[in-house]
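Undergrad: how does the following fold in three dimensions:
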Amino acid sequence: MRLLHLLPLGLATCVSAQALTTVLTENNATLSTLSTLLALVPDVVQTLLEAQNITILAPSNTAFANLMARNPRSVELMSNPRALAGVLQYHVLAGRLLSSGFMTTPKFPATLLMAPFANVTGGQKVVLAMVNDTARVFSGYKQMASVVTADVQFDGGNVVHVIDTVLTVPATPAQTAINTGLTSLAGALTNAGLVGPVNSLTDATIFAPSNDAFEAIGSALGVISPQDLASILGYHVVAQQVRFSTDLLSADQMTLSTLQGQNITVRRDGGQLFVNSARVLIADILTTNGVVHVLDNVLNPSNTTVVPDSAAATQAPAFAGVSSVTESPFTSGITPTATFVPASFARRKQKILSDLAVPEDRYSDASPKGTVDAGIRSLIDAINARAGLVTTSSCAGRVSVYLEGGKGKRRTAPPVLGHQPGVGGEGEDGDGNRNEATVPASVQGTGASAGGKGGGEWLFVSHDPVSIESLEKEGGLGAVLGLELETEVGPGALTGRTEEPARLIHFKFEPMILHILTASLEHAQLVIQAGMEAGFRETGAVSLLKRQPDEEATPMVAVRCMGLAFESLIGMEVDGLRRSIVSPEYLRMLLKIANERFVENQKRISRFSAALEDAFATPKGKENWEDAQARRERKRQEGLRQKDELGKEKRQPVDEPSLDLILQQPDVL
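TA: The predicted model follows:
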């Protein structure tokens with residue numbers, strides 16, 4: 001059924017309606033499923049036809065097909081108009097936002113999703129950000145969708161962005177804790193009788209200690225009373241105000257009043273955030289009533305003056321005289337496990353490695369460059385040998401010269417002997433992969449618009465320190481780096497009339513970056529801890545991927561450090577002529593600095609390898625030990641398999657205004 005067939009005759013002839021239906025009709029090959037679903041909810045259609053200045057995040061047919069494939073229960077949306085309306089309303093932003101409005105600093109616009117599915121003033125939020133040169137949308141559990149077609153405009157000042165994934169409506173704080181590996185917090189809320197009160201809050205900001213944080217003070221939690229536990233947990237909740245990471249980073253220090261009654265202090269240290277002395281590990285996990293930020297420490301309402309040590313990878317406990325325990329507190333009866341590798345992750349890892357067709361002498365990853373740099377090959381081997389980790393892209397570090405994108409004819413790049421010439425877009429692609437295709441130096445680049453993928457050319461790339469003397473012998477620094485010095489081009493060659501705008505040429509050094517898919521939040525936290533200890537200070541989870549409702553969240557962690565990176569403008573191209581705008585001495589200085597950064601980068605890589613080994617080291621005596629949570633999870637998976645084999649699984653149609661069928665397991669608290 002097409003949307004146009006649903007509209008009353010009067011509406012079908014108005015300008016806005018025609019424009020909207022035209023968008024859907026002209027993009028039928030991409031948006032026919034969305035059109036069919038809209039036809040089932042006339043009230044949503046009416047809202048869209050009457051709206052002014054809205055942004056529709058339109059899942060493609062492939063996005064819906066992927067949802068149906070991984071979660072067959074999603075078909076029940078067809079028989080539950082109220083739930084379907086909620087899902088579709090979550091894909092409509094209250095405001096007009098073109099793709100040019102996506103920035104590296106995230107934005108948190110409101111959607112049309114209101115009660116009973118959201119308890120956030122002004123409507124449930126999504127997170128919009130430009131990540132790796134691609135417009136991204138983050139929803140519940142930090143699931144990520146990419147904009148694949150941007151800025152399809154229609155009358156009323158409205159705009160459509162086609163996205164590749166159906167957004168996940170945020171879950172309650174308790175359910176979010178369960179499905180993102182914060183099982184100690186979920187159990188603690190249950191023991192303290194706070195599940196209902198916390199879930200029912202309006203505009204809540206929750207600072208959620210990780211399982212490791214609870215383990216660090218485990219000796220103090222064994223005999224704690226429900227009242228004292230409730231006091232501690234209440235000290236982690238800020239009511240009546242949703243504070244996203246951008247709010248918390250807006251000042252060097254701010255004080256917030258908690259549900260418990262006392263204040264917490266939020267401090268900014270560069271790009272890092274601390275709450276009292278606890279570091280924010282993962283920010284901006286959306287919930288039905290606000291946002292969750294994951295901490296590496298449990299806050300102590302009896303120790304409010306403690307300050308952080310920003311140089312420490314993990315903060316010391318805020319509770320005096322405590323000792324750690326080996327099992328996560330409060331997790332009895334909470335289904336997800338933090339240490340067990342879900343079968344779903346194991347299957348996905350196997351598929352990733354199989355698709356990469358790893359040869360014996362080298363790994364090949366998803367980076368367009370294709371191969372793993374020799375400098376980190378042993379590290380990649382060690383990571384992929386661990387059951388709960390798999391690398392999806394990598395770059396050991398590189399020095400490069402990059403020509404910005406621009407429309408028009410490209411000329412053949414000059415040969416760069418002994419190094420990797422190439423053409424491609426700058427930065428990283430949607431999976432964090434370096435766009436760095438290895439091609440013969442004689443291959444001519446193709447034109448593309450500035451800023452788009454494939455819109456520029458790599459004139460020079462090296463993943464190892466550069467021999468300045470060798471470059472000078474090969475033809476001079478400028479020529480080898482893809483430039484033509486002023487003496488070669490002529491001082492007036494670029495000052496006449498030009499047919500094309502100037503394209504700038506940049507010299508860059510970038511340290512190692514790894515993208516590691518992890519089996520659980522606990523695995524992700526161990527990787528983050530190792531990265532921080534090694535000096536990769538911007539290491540963090542970039543998404544919490546949850547492929548099916550009965551699977552664990554599998555976070556993607558980026559190990560990175562921008563402190564070593566630097567960039568300098570060194571030239572320009574006009575009418576196909578590339579000219580250096582700096583002296584050979586300046587180029588020599590840049591290469592010298594880059595070589596020094598390579599040395600420091602290698603030191604950090606070695607530290608990261610050692611820290612990762614220590615983080616995942618098995619305690620002595622427990623090499624073959626299976627904890628109770630792992631055993632429960634194994635039994636649960638076995639039961640699900642038996643159920644599937646016997647064909648006895650029965651699902652009842654959804655008759656409640658619930659979105660569980662899309663985003664989560666039933667609440668087990």
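Undergrad: what number of residues lie near residue 581?
TA: Under the neighbour criterion other Cβ atoms under 10 Å, residue 581 is assigned a count of 14. C-beta coordinates here come from the backbone N, C-alpha and C atoms, glycine included.
Undergrad: hmm, it is touching residue 571, no?
TA: Yes: look at residue 581 against residue 571 with Cβ atoms under 8 Å: they come within range, at 5.4 Å.
Undergrad: residue 194: what's it in contact with?
TA: With contacts defined as Cβ atoms under 8 Å, 6 or more residues apart in numbering, residue 194 is in contact with 230, 233-234.
Undergrad: rerun that using 10 Å as the cut-off
TA: If a contact means Cβ atoms under 10 Å, 6 or more residues apart in numbering, then residue 194 has 173-174, 188, 226, 229-230, 233-234, 237, 259 as its contacts.
Undergrad: how about CSV for these, with distance to residue 201 added?
TA: Supplementary listing: these in CSV, determined by distance: Cβ to Cβ, whole Å:
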residue, distance to residue 201
173, 8
174, 11
188, 16
226, 19
229, 18
230, 14
233, 12
234, 11
237, 7
259, 8
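Undergrad: tell me which of those residues fall in helices.
TA: 173-174, 188, 226, 229-230, 233-234 (DSSP state H).
Undergrad: ok so, going back, which neighbours do residue 581 and residue 571 have in common?
TA: Residues touching both residue 581 and residue 571 by Cβ under 10 Å, 6+ apart: 483, 504-505.
Undergrad: and which of those is nearest to residue 608?
TA: Distance ranking of those against residue 608, using Cβ to Cβ, places residue 505 first at 32.0 Å.
Undergrad: give me the element the closest one is part of.
TA: Assessed by DSSP states H and E, residue 505 sits inside strand 503-518.
Undergrad: that older thread, most neighbours out of the contacts of residue 194, which is it?
TA: Neighbour counts for the contacts of residue 194 were taken using other Cβ under 10 Å; the highest belongs to residue 173, with 29 neighbours.
Undergrad: from residue 136, how far off is it?
TA: Taken as Cβ to Cβ, to the nearest Å, the spacing of residue 173 relative to residue 136 amounts to 24 Å.
Undergrad: again, but for residue 576
TA: From residue 576 over to residue 136 the distance is 35 Å, taken as Cβ to Cβ.
Undergrad: neighbour count winner among the two?
TA: Neighbours were counted for residue 576 and for residue 136 using other Cβ under 10 Å; residue 136 has more, 21 against 13.
Undergrad: who does the helix or strand containing that one touch, helix- and strand-wise?
TA: Element membership of residue 136 [criterion: DSSP H and E] is strand 134-138. Contacts of strand 134-138 with other secondary structure elements, assessed using 3 or more Cβ pairs under 10 Å, 6 or more residues apart in numbering; DSSP states H and E, are made with strand 127-131, strand 144-154, strand 158-163, strand 278-287, strand 540-545.
Undergrad: how does it look with 8 Å?
TA: If you count contacts as 3 or more Cβ pairs under 8 Å, 6 or more residues apart in numbering; DSSP states H and E, strand 134-138 packs onto strand 127-131, strand 144-154.
Undergrad: just name the most buried of those.
TA: When you average the neighbours per residue for each of these (mean count of other Cβ atoms under 10 Å), strand 127-131 leads with a mean of 20.
Undergrad: hmm, who's touching that one?
TA: Residues beyond strand 127-131 that count as contacts (Cβ under 8 Å, 6+ apart) turn out to be 97, 101-109, 135-139, 142, 144, 284, 286, 430, 542.
Undergrad: and the residues you listed, which are buried?
TA: Of all the contacts of strand 127-131 considered here, the ones buried according to neighbour count by 16 or more other Cβ atoms under 10 Å are 97, 102, 106-109, 135-139, 142, 144, 284, 286, 430, 542.
Undergrad: if we can go back for a sec, give the rounded mean pLDDT of the strand holding residue 505.
TA: pLDDT averaged over strand 503-518 equals 92, rounded to a whole number.
Undergrad: give the next helix or strand downstream of that strand.
TA: Tracing the chain C-terminally past strand 503-518 and defining elements by DSSP H and E, one meets helix 521-534 next.
Undergrad: what does that next one rub up against?
TA: With contacts defined as Cβ under 8 Å, 6+ apart, helix 521-534 is touched by 180-182, 210-212, 281-282, 294, 296, 313-314, 338-339, 388-389, 516, 518, 539-541, 544, 553, 555, 557, 559-560, 604-605, 607-608, 610-612, 614-616.
Undergrad: do stretch 251-268 as well
TA: So stretch 251-268 is in contact with 201, 205, 207, 231-232, 234-239, 241, 243, 248-249, 273-276, 299, 301, 304, 307-308, going by Cβ under 8 Å, 6+ apart.
Undergrad: low-confidence stretches in the stretch 201-350 of the chain?
TA: Judged by pLDDT under 70, the stretch 201-350 of the chain has its weakly predicted residues at 335-344, 346-347, 350.
Undergrad: that one: strands as residue ranges?
TA: For the stretch 201-350 of the chain, the strands defined by DSSP state E, counting those that start in this stretch occupy 204-209, 237-238, 253-257, 263-269, 272-275, 278-287, 290-295.
Undergrad: next one: stretch 102-109 to chain centre, how far?
TA: When C-alpha coordinates are averaged (Cα atoms, centre = their mean, to the nearest Å), stretch 102-109 and its chain have centres 13 Å apart.
Undergrad: that one: end-to-end distance?
TA: With Cα to Cα, to the nearest Å as the measure, the first residue of stretch 102-109 is 11 Å from its last.
Undergrad: let me see the mean pLDDT of it.
TA: Averaging the model's pLDDT scores along stretch 102-109 yields 94.
Undergrad: residue closest to the middle of this structure?
TA: Here the mean C-alpha position of the chain is nearest to the C-alpha of residue 542 (Cα atoms, centre = their mean), at a distance of 2.6 Å.
Undergrad: contacting residues for that residue?
TA: Applying Cβ under 8 Å, 6+ apart, the residues contacting residue 542 are 131, 144, 432, 515, 556-558.
Undergrad: give me that answer again for 10 Å
TA: Residue 542 neighbours (Cβ under 10 Å, 6+ apart): 129, 131-132, 136, 138, 142, 144, 282, 431-432, 515, 555-558, 560.
Undergrad: can you list the residue ranges for helices in the stretch 451-600 of the chain?
TA: Assigned helices in the stretch 451-600 of the chain, in chain order: 468-473, 477-480, 486-489, 521-534, 584-615 (criterion: DSSP state H, counting those that start in this stretch).
Undergrad: which one of the ones you listed lies closest to residue 60?
TA: Comparing these against residue 60 with Cβ to Cβ, the closest turns out to be helix 521-534 (28.5 Å).
Undergrad: picking up where we left off before, what lines up beside the strand holding residue 136 in the sheet?
TA: With DSSP bridges as the criterion, the sheet partners recorded for strand 134-138 are strand 127-131 (antiparallel), strand 144-154 (antiparallel).
Undergrad: right, I'll call it a day here.
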